[in-house]
Every structure is written in C-alpha cells, then in structure tokens.
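>>> Predicted structure and sequence below. I'll ask about it afterward.
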Amino acid sequence: MKPRKLSLPPGHAYPIDEWRLVETKFYPRLLPQMETLFTTANGYLGIRGCHEEGAPAFQSGTFVNGFYESWPIVYAEEAYGFAKKGQTIVNVADSKIINLYVDDEPFFLSKANVLEYKRTLDMKSGTLDREVLWETAAGKRVLIKSRRFASFEHKHLALISYEVTVLNAAASIVISSKTIIDTAGQFDKSAEDDPRVAKGFEDDILAPNLKEINDKRIILCHTTKNSNIAIASGVDHVFEANSDWSVQGKTSANYGKVVFSAEVESGKPVRLTKFITYYRASGDNRPEDVKDRAERALNRAVTKGFDSLLAAQQELVEDFWARSDVRIEGDPAVQQAIRFNLFQILQASGRVEGNGLPAKGLTGPGYEGHYFWDTEIYVLPFLIYTSPRIAKSLIRFRYSHLDKARKRAREVNQVGALYPWRTIDGDEASAYYAAGTAAYHINADIIHALRKYVEITGDEDFLYSDGAEMLVETARLWNDLGFYSKRKGGRFCINGVTGPDEYNTVVDNNTFTNLMARENLWYAARTLKHIKQNMPDRYQALAYETGLKDAEIEEWQQAADNMYLCYDERLDIHPQDDSFLDKEPWDLENTPIEKYPLLLHYHPLVIYRHQVIKQADVVLALLLLGDEFTHDEKKRNFDYYDRLTTGDSSLSACIQAIMAAELGYRDLAREYSQYALLMDLADIGDNVKDGCHIASMGGTWMVVVYGFAGLRDYDGKIRFNPVTLGRISRVTFPLTIRGSTIQIDIKKESVTYSLIEGEEITVWHGEDEIHLTQAEPVTKRIDHTHGDEVDTQL
Ligand code: BGC
C-alpha cells in the first residue's frame with residue numbers, strides 16, 4: 001500500500017534550517033499544529049507552543065508527566081475483569097501568560113498590526129524564541145522579544161524572558177504576568193468521536209489547597225479529586241528597566257497575577273524574567289510539602305538567573321547532540337526533519353526519571369497522556385544506543401509497576417504479571433479490551449526492550465536483579481495463557497489476543513505475539529538457568545521473592561520450543577493469525593481517501609471481517625526477530641502484507657521503510673521514510689494538533705540506523721549492511737555500545753567505522769568482521785549488488 005498523502009507544509013511557514021524550526025508569519029489556520037510543534041518540554045514538564053499573551057490559542061496545554069485524574073469507566077454492559085479506572089493527563093496551571101499593554105493598548109497577535117514576526121524552535125540551544133515588531137494604533141513601534149525553555153538541568157523549572165522596547169517613542173508600559181488554573185483541566189472538545197483525543201471533564205477536578213503571594217512570587221496548590229495528587233505551581237519574577245517602575249500583585253485560589261508598570265524612553269528595553277515551577281507530589285506528599293519544594297526551586301532559580309540557567313541548558317543540549325546527532329549531507333529538509341524528531345524525543349525523555357513516556361510526549365493531551373508499547377519498541381532503540389541511562393530509567397519504571405501487573409494478571413484470571421496496554425499509574429486504563437487488554441504482546445515488548453538494553457549496554461547486574469523478576473512473571477503469564485493444542489499437533493498455542501494490528505482483534509495465534517512470547521520465554525529460561533548455575537544466592541533470593549520452582553523454568557523452555565506458528569503452505573507465508581487468510585480482502589484501491597483512517601469511518605466489526613491491516617504486524621516481527629526468517633521468507637511475507645497495510649497508525653511507515661530497504665524496494669523505502677520523517681512536520685495524520693507522534697519519531701532514527709545503515713543487532717552482535725543513499729551524499733551518526741562510542745559515516749560508495757571513545761570493539765560489515773581500535777578507522781565499500789539503491793530525497 002502506498003502512502004496516501006504527503007502534503008508538505010507551506011514553505012513560508014517552515015524555511016529549511018538544519019538546526020531550527022522557523023515560523024516567519026503568524027497563520028491563525030496553523031495555530032493548533034504549531035502549538036504542538038513549538039512545545040518546550042523536558043520529560044517532566046511540557047508547555048505547548050502557545051503565545052505568551054494567552055490568546056489566540058487552540059489548547060493552552062501545560063502538562064506535568066504523571067499528573068493525571070482518574071475516573072470510573074462506565075460500560076453500558078459490564079463484564080468481569082474489565083478495566084475499572086480511566087486515567088487522563090490533566091492541564092496544570094497555565095503560567096506562561098504575559099499580557100502587554102503599551103499606552104493602555106493591549107497586544108494581541110491576531111488583532112495587532114504586526115510588521116515583523118519570527119518564531120524559532122532552536123534545537124541547538126533548546127529554546128523557543130519569538131520576535132515581533134508591533135505598531136500600535138498611535139504609530140509606536142514595539143519590539144517584543146521572548147525566549148522560553150523547560151530546563152534540562154532543573155526538571156521542575158521553566159523560564160521565560162520577555163523583553164519590550166519601544167523603538168520610536170517614549171511610552172507607558174504595563175506587563176501583566178499571570179498564572180491561571182482551569183479547575184476542569186480542560187482540553188479541546190471539538191473531536192469527541194475520535195478515540196485518540198483525550199476526554200474532557202465536565203466538572204471541576206482540581207481542588208484548591210493553598211495560595212500564597214509574596215512580593216513578586218505566587219504559589220498555588222491544588223489536588224486532583226479522585227487520584228488525589230497534589231501539585232504546587234509557582235511563579236517568580238525579575239524585572240529590569242532603566243526607568244522607574246512599580247509592581248502590584250494579587251491572587252485567588254485559582255489565579256494569580258503580578259503587574260509591572262514602567263514609563264520607558266524610546267529605544268530603552270524593559271525585561272521581565274518569569275521563573276515557573278511545578279512540583280507534583282509523589283507518594284503521600286501533602287500540599288504543604290510540595291509548596292515548600294516549589295519555594296526552594298524558585299529561590300535557586302532566581303539566584304542563578306536566566307542567563308546562567310540558559311547557559312546550562314545549551315550545554316546539556318549540546319551534550320545530547322554529541323551522543324545522538326544524525327548528520328545528513330545533501331538534503332537539508334531531511335536533516336531538519338531528523339533533528340526535529342530527535343529533539344522531540346529529548347523533550348519527551350530528558351528528565352523522565354520515575355515516569356513513563358507518553359505517546360505524545362508532553363506536547364499535547366492525545367491518547368490521554370498514556371504510556372504504551374511505543375516506548376519499548378519505537379523509542380528505546382534510540383535511547384539504548386545514545387542515552388542508556390534514560391533507557392534504563394524507562395525500563396525500571398516498568399519494574400516499579402510489576403506489582404500492579406501481577407494484580408492485573410489475577411484480574412484477568414492468569415498467573416504471573418500482565419502489563420497494562422495503556423496506563424499512567426500502572427493500572428490498565430484501556431476501556432476497550434479488544435484493542436487494549438487483549439494486546440498481551442506488551443509483556444513481550446517490554447522484555448524485548450530489556451534484552452536489547454542488556455545486550456547493547458552490557459548492564460547484566462540489572463538483568464540479574466530487577467530484570468530477572470520481570471522475566472519470571474512475564475514468562476509465567478505466557479505459560480499460563482497458552483496451551484498445548486491437540487488440533488495443532490500438540491503445539492503451544494496462544495488464543496484470544498490482539499497483535500500490533502488493531503484492525504484484527506482477539507484472534508488466535510497472532511504470529512507476532514507467538515514469536516515475541518517465544519523470545520520472552522526462551523530469554524526467561526536461559527537467564528534463570530544462568531542465575532541458578534552461577535549465582536546460587538541470587539537464585540535463592542529470587543525464588544523466595546517470586547515463589548519460583550525449578551520445574552517452571554523447564555515449562556517455559558518447553559512452551560517456547562513448542563510454540564505454534566501458523567504457516568500457509570500455498571502462499572508460503574506466515575498468516576497474521578489463524579483466521580486472517582479466511583477473511584475477505586479489503587478493497588483498498590477503491591476506498592476513497594477521505595475514508596482513512598478506517599477506524600474513524602467504519603464500525604469495528606466491518607474492519608475485523610476483512611484482511612486489512614492498521615500497522616506493521618508480521619512485518620514488524622520480520623525486523624525485531626529478523627534472524628528467525630530467511631531472506632525469501634521476509635520477501636514473501638512483506639509482499640503479501642504490505643499491500644494490505646493502510647498505515648492508519650503512525651507506528652507503521654517507519655517499519656515498512658526499514659523492511660523495504662532491507663528487501664531492496666527502492667521506491668517504497670523512499671516513500672515510507674518520507675512518510676515517517678514528516679509525520680509531524682507535514683501533519684500527515686491530520687492530528688498533530690493533539691500532540692507529536694513520539695513513536696514515529698523514534699522510528700525515524702530506526703529508519704536511518706536500521707534502514708539506511710542496515711544495522712541488525714540480534715544477540716548483541718552488531719552488523720551493518722548499508723544501502724546506497726540516492727541523493728543524500730553522506731550520513732553520519734554515533735552509537736554507544738557497551739560503553740564504547742563508535743561513529744558510522746556512510747558515503748556514496750563507502751562506509752567508515754571509527755571508535756571515538758572507549759574500549760576496542762568488534763562489529764561486522766556484512767560478513768566481514770571488523771576489530772575497531774581508536775588508532776584506526778576502517779573503511780569498507782558498500783555492496784551495490786544487494787538490492788536497489790534507496791532514494792531518500794524528500
Ligand atoms: C496504535 C498503537 C499505539 C497507539 C499509541 C494506536 O493508534 O495502533 O499501536 O500504541 O496508537 O501511539
């Protein structure tokens with residue numbers, strides 16, 4: 001199936017700059033998308049790219065990771081074991097608001113006479129910058145420069161510098177800085193039929209606890225009514241002017257403002273620095289505790305000052321790029337798109353510690369702020385190879401929810417642990433079990449990521465401690481869920497599950513699930529046998545903690561060895577599941593473009609009756625477990641499934657691109673990579689307004705590294721098979737493997753591997769073993785005989 005739509009954004013809205021996303025004109029029509037794309041976030045807090053003046057705005061979202069409200073899921077018909085509690089990320093205080101009045105005339109972008117306008121997301125400095133030249137009704141020219149960032153150094157902190165200069169006259173200036181809580185935590189309610197959009201609340205969900213104003217500082221504390229989480233939102237200010245100025249502040253339970261008034265001379269700037277902090281309670285912190293912490297954060301920030309905090313920001317972002325940058329020569333648009341995508345992953349994960357990574361990062365409320373398998377399968381590959389510390393924190397986060405996963409397994413009548421398909425607090429939050437709880441593969445996805453993390457970083461201590469416990473419980477689940485079916489020759493079958501493709505739900509023997517479950521069971525058996533043999537004390541402790549019996553390990557081994565994998569002799573492919581091939585193929589060629597995504601236009605039953613695929617399923621297995629298939633098997637499976645795949649999920653194109661590249665399908669690889677690369681910048685799914693597609697962004701990195709460079713890392717063995725690059729003349733990127741950092745530099749005809757930091761390391765170029773030392777980079781010719789050239793031009 002070819003990508004259906006690839007509309008590039010208007011050139012004037014995004015001139016191509018390899019390090020910046022620049023908006024050179026204010027387009028009210030593009031406001032919703034730009035708010036998402038211009039988000040500033042650090043993994044803990046995120047502020048959508050709304051203008052400081054508060055209006056016009058589509059969704060004035062400000063989010064704190066893990067700050068959510070819960071609500072009872074009401075089913076028209078209840079059934080045993082259904083998830084009971086919905087969870088929705090909640091808008092916190094909108095503290096970015098700064099209103100400007102010049103001679104009493106308010107500045108509002110949509111109404112003002114704007115002479116010049118430029119907004120820049122600067123991916124090198126980690127800031128959002130805006131410069132506006134406004135002419136007032138009286139002809140005064142006012143230059144407004146603002147800069148904001150969410151600090152990577154102090155995760156609870158965001159800053160805004162707002163500078164105003166009247167260029168051609170003296171004037172009276174008033175700057176009113178506000179913090180406002182919408183106690184209903186509201187979002188856009190315009191698209192209530194779209195399941196991907198967050199639910200809005202009818203009633204107040206935030207109860208005020210305390211408010212304080214002290215000179216230029218305001219702190220408000222609120223607690224969510226059901227989930228009972230306290231949050232302190234604080235602002236403080238520093239005002240600089242060459243003339244006399246005065247300040248006044250006031251606050252109420254849900255509102256606070258500090259107003260600065262100054263008489264300014266022509267050409268003399270005034271500058272307001274706004275320090276913003278959010279402290280979310282963890283455990284049973286009381287509002288007073290979080291308030292004290294917010295105070296301390298503000299004290300520290302004001303003492304350090306904007307410039308020093310900005311310098312630290314730039315250093316941390318520079319450090320990120322040193323570990324992670326993908327450099328592209330020959331196509332600036334590809335370069336910009338890749339950097340933008342990687343920068344958004346930094347913004348989603350930089351200070352994520354103790355939390356998960358929402359499907360939209362902190363750029364919007366889409367998917368209610370939930371954590372999905374997106375993290376493990378799409379984002380962790382990038383983080384494991386570039387920021388292993390953050391990768392570990394995300395896997396540990398899953399470990400911290402193991403008890404809840406154990407409880408969930410009991411609720412669905414199984415032993416072991418079942419991780420939630422979507423969640424914030426560790427409980428299953430999916431109200432539609434067919435495309436939720438039934439996606440049991442989440443267990444194996446988490447273990448797949450754990451395994452990749454351990455193999456690539458060498459962090460075996462983690463595997464033999466927390467990791468081993470996760471292995472025991474997930475393996476138990478699979479062993480209990482499946483059974484040996486006589487009708488399938490005594491093979492181990494797993495029935496009634498949903499694979500990655502949500503257009504075929506609650507099916508038997510989904511190939512992806514069975515393969516991934518097999519990997520999970522084998523890995524558990526192998527690891528536990530190793531611990532038993534080599535670390536008897538650890539084994540004993542683990543057996544005590546989990547009640548593990550030796551016989552269980554054998555059972556896992558047997559289940560895995562006997563795993564049923566459906567196969568169709570006639571087509572020579574792995575059917576997606578037992579019944580997939582019996583269904584009527586969907587007529588994709590004759591489905592009008594406006595009927596996509598199908599999920600918004602057809603009853604699920606209609607979709608489920610057909611051979612039609614939302615996102616890569618068997619094709620994803622061909623990548624993740626590619627060493628279990630021959631080249632011909634991959635080709636036959638890809639050929640069969642690709643034409644049935646709608647790509648209605650943003651998680652699909654990147655995987656299709658990588659497999660198309662491996663199989664030498666030049667045009668398809670090009671189209672799918674463009675699709676993945678521009679998923680957000682070109683708003684391919686028409687839903688960027690609700691947030692960025694972080695999984696697809698991680699998938700973009702995979703397209704470069706697994707697609708162009710042809711990395712395969714089965715069992716921790718690092719092998720490259722670069723494809724030639726069409727109009728791109730060069731691609732360079734670093735990878736950190738077991739503490740050593742190597743650089744891969746792909747040119748038209750050759751690739752150079754260098755060790756830039758750490759111990760010597762062995763990698764493979766195709767079948768050639770390369771021993772890399774710091775003394776000598778190794779250059780190899782690219783094999784043109786293997787597949788077509790991949791044209792990556794946009
Ligand atoms: C996809 C899921 C994904 C979720 C969140 C859905 O549309 O089908 O695979 O986890 O979006 O990104």
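Yep, it's here.

>>> Which pLDDT value goes with the residue in the stretch 601-750 of the chain positioned nearest to the ligand?
Closest to the ligand within the stretch 601-750 of the chain is residue 649: 4.0 Å, counting by C-beta to the nearest ligand atom. The way it works is simple: take the backbone N, C-alpha and C, and place the C-beta from them, glycine included. For residue 649, the model assigns a pLDDT of 96.

>>> which non-adjacent residue is nearest it?
residue 615 (3.8 Å; C-beta to C-beta, 6 or more residues apart in numbering).

>>> Likewise for residue 546?
Using C-beta to C-beta, 6+ apart and skipping the chain neighbours, the partner closest in space to residue 546 is residue 472 (4.8 Å).

>>> my read: the one you found touches residue 527, true?
No - counting by C-beta atoms under 8 Å, residue 472 sits too far from residue 527 to count as a contact (9.2 Å).

>>> Check for me that the residue nearest to residue 546 belongs to a strand.
No - looking at residue 472 with DSSP: H, G, I helix; E, B strand; the rest coil, it is helix, so not inside a strand.

>>> picking that back up, what's around the residue of the stretch 601-750 of the chain closest to the ligand, how many residues?
23 (other C-beta atoms under 10 Å).

>>> what do you get for residue 168?
For residue 168, using other C-beta under 10 Å, the count is 12.

>>> and if you look at residue 533?
9.

>>> so which helix or strand takes in it?
According to DSSP states H and E, residue 533 maps onto helix 511-534.

>>> Flag every buried residue along the helix or strand containing residue 734.
Assigned by DSSP H and E, residue 734 belongs to strand 730-737. Within strand 730-737, the residues scored as buried using 16 or more other C-beta atoms under 10 Å are 731-737.

>>> what do you get for stretch 429-441?
Neighbour-count burial for stretch 429-441 [16+ other C-beta under 10 Å]: 429-433, 435-441.

>>> How about stretch 322-331?
With burial defined by 16+ other C-beta under 10 Å, the residues of stretch 322-331 counted as buried are 324-328, 330-331.

>>> so how far is that stretch off the chain centroid?
20 Å (C-alpha atoms, centre = their mean, to the nearest Å).

>>> Same check on stretch 19-39?
So, by C-alpha atoms, centre = their mean, the centroid of stretch 19-39 is 20 Å from its chain's centroid.

>>> As CSV, could you dump the C-alpha coordinates of it?
The C-alpha coordinates for stretch 19-39 follow below in CSV (Å, rounded to 0.1, in the frame of the first residue of the first chain):
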residue,chain,number,x,y,z
TRP,A,19,19.0,23.4,13.4
ARG,A,20,15.8,25.4,13.7
LEU,A,21,12.2,25.2,13.0
VAL,A,22,11.3,28.7,11.9
GLU,A,23,7.8,30.3,11.5
THR,A,24,8.1,33.5,9.6
LYS,A,25,4.5,34.6,9.6
PHE,A,26,1.6,34.1,12.0
TYR,A,27,-1.1,31.9,10.4
PRO,A,28,-4.2,31.5,12.6
ARG,A,29,-5.1,28.5,10.5
LEU,A,30,-1.9,26.7,11.5
LEU,A,31,-2.2,27.6,15.2
PRO,A,32,-3.2,24.2,16.5
GLN,A,33,-0.3,22.4,14.8
MET,A,34,2.2,25.0,15.6
GLU,A,35,1.3,24.9,19.3
THR,A,36,2.3,21.2,19.3
LEU,A,37,5.4,21.6,17.2
PHE,A,38,6.7,24.5,19.3
THR,A,39,6.3,22.8,22.6
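
>>> Could you give the average pLDDT over it?
Stretch 19-39 shows a mean pLDDT of 95.

>>> Likewise for stretch 335-350?
98.

>>> right, quick check: that stretch against the ligand, any contact?
No - Stretch 335-350 stays out of contact with the ligand when judged by C-beta under 6 Å from any ligand atom, the minimum separation being 12.4 Å.

>>> Enumerate the positions of the helix or strand where residue 260 lies that are buried.
Assigned by DSSP H and E, residue 260 belongs to strand 255-264. Using 16+ other C-beta under 10 Å as the test for burial, strand 255-264 gives 256-262, 264.

>>> now the strand holding residue 734: how far from the chain's centre is it?
21 Å.

>>> Quick check: which helices or strands does the next helix or strand after it pack against?
Counting by DSSP H and E, the next helix or strand C-terminal to strand 730-737 is strand 740-747. Packing contacts for strand 740-747, counted by 3 or more C-beta pairs under 8 Å, 6 or more residues apart in numbering; DSSP states H and E, involve strand 730-737, strand 750-757, strand 761-765.

>>> Would you mind pulling the contact partners of the first one?
What that stands for is strand 730-737. Contacting residues not belonging to strand 730-737 are listed as 322-330, 385-386, 388, 456, 704-705, 708-709, 711, 718, 725, 741-748, 756, 761 [C-beta atoms under 8 Å, 6 or more residues apart in numbering].

>>> and it with strand 740-747, angle?
Here the directions of strand 730-737 and strand 740-747 differ by 160 degrees (axes from the mean of the first three to the mean of the last three C-alpha atoms, to 10 degrees).
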